[in-house]
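Trainee: structure, please.
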Amino acid sequence: MALAKTILVACGTGIATSTVAAKKTEKICKEAGIEVKTIQCKAIEAASKIPVTKPDVIVATTDIPGDLKGTPMLNGRCLLTGVGLAQFKEDLINALK
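Mentor: From the prediction side, this is the model:
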């Protein structure tokens, strides 16, 4: 079995919005047969968490300040609005392959 992929999910406060985004991201991955673990954080903490968590992708519902060290980032606002969700799903699955 393949190792779980790590997804860093960031929002403004690291609480409510990132929880919704993390759960929906996990569901998308499960449906695609991709095992993932999500880590939630505040947007301001994301860049500093990259060296420790080594995420395969970042899903953010707001702008992320700082150096993302080449980690792919996807705009997760569609997880809240539904607008552009099909493209997000495709981009997420491709980023985790």
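Trainee: can you get me a residue count around residue 8?
Mentor: 27 (other Cβ atoms under 10 Å). Heads up, the C-betas are built off the backbone N, CA and C, glycines and all.
Trainee: next one: the one 3 residues further on
Mentor: Here the count is done by other Cβ under 10 Å, and residue 11 has 25 residues near it.
Trainee: isn't residue 68 up against residue 46?
Mentor: Yes: taking Cβ atoms under 8 Å as the definition, residue 68 is a contact partner of residue 46 at 7.4 Å.
Trainee: which regions of the protein lie under the pLDDT threshold?
Mentor: Residue ranges of the chain with pLDDT under 70: 1-2.
Trainee: element containing residue 87?
Mentor: If you go by DSSP states H and E, residue 87 is part of helix 85-96.
Trainee: what of residue 6?
Mentor: Residue 6 is part of strand 5-11 when elements are defined by DSSP H and E.
Trainee: and the helix or strand just after that strand, C-alpha only, in PDB?
Mentor: Once the chain leaves strand 5-11, the next helix or strand it forms, by DSSP H and E, is helix 16-31. Taking only C-alpha atoms (Å, rounded to 0.1, in the frame of the first residue of the first chain), the coordinates of helix 16-31 have been written out as PDB:
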ATOM      1  CA  ALA A  16     -13.600  26.700  10.900                       C
ATOM      2  CA  THR A  17     -12.900  27.200   7.200                       C
ATOM      3  CA  SER A  18      -9.900  24.900   7.200                       C
ATOM      4  CA  THR A  19     -11.900  22.100   8.900                       C
ATOM      5  CA  VAL A  20     -14.600  22.300   6.100                       C
ATOM      6  CA  ALA A  21     -11.900  22.400   3.400                       C
ATOM      7  CA  ALA A  22     -10.000  19.500   5.000                       C
ATOM      8  CA  LYS A  23     -13.000  17.300   5.200                       C
ATOM      9  CA  LYS A  24     -14.100  18.000   1.600                       C
ATOM     10  CA  THR A  25     -10.500  17.400   0.400                       C
ATOM     11  CA  GLU A  26     -10.300  14.100   2.300                       C
ATOM     12  CA  LYS A  27     -13.600  13.000   0.700                       C
ATOM     13  CA  ILE A  28     -12.400  13.900  -2.800                       C
ATOM     14  CA  CYS A  29      -9.200  11.900  -2.300                       C
ATOM     15  CA  LYS A  30     -11.000   8.900  -0.800                       C
ATOM     16  CA  GLU A  31     -13.300   8.800  -3.800                       C
END
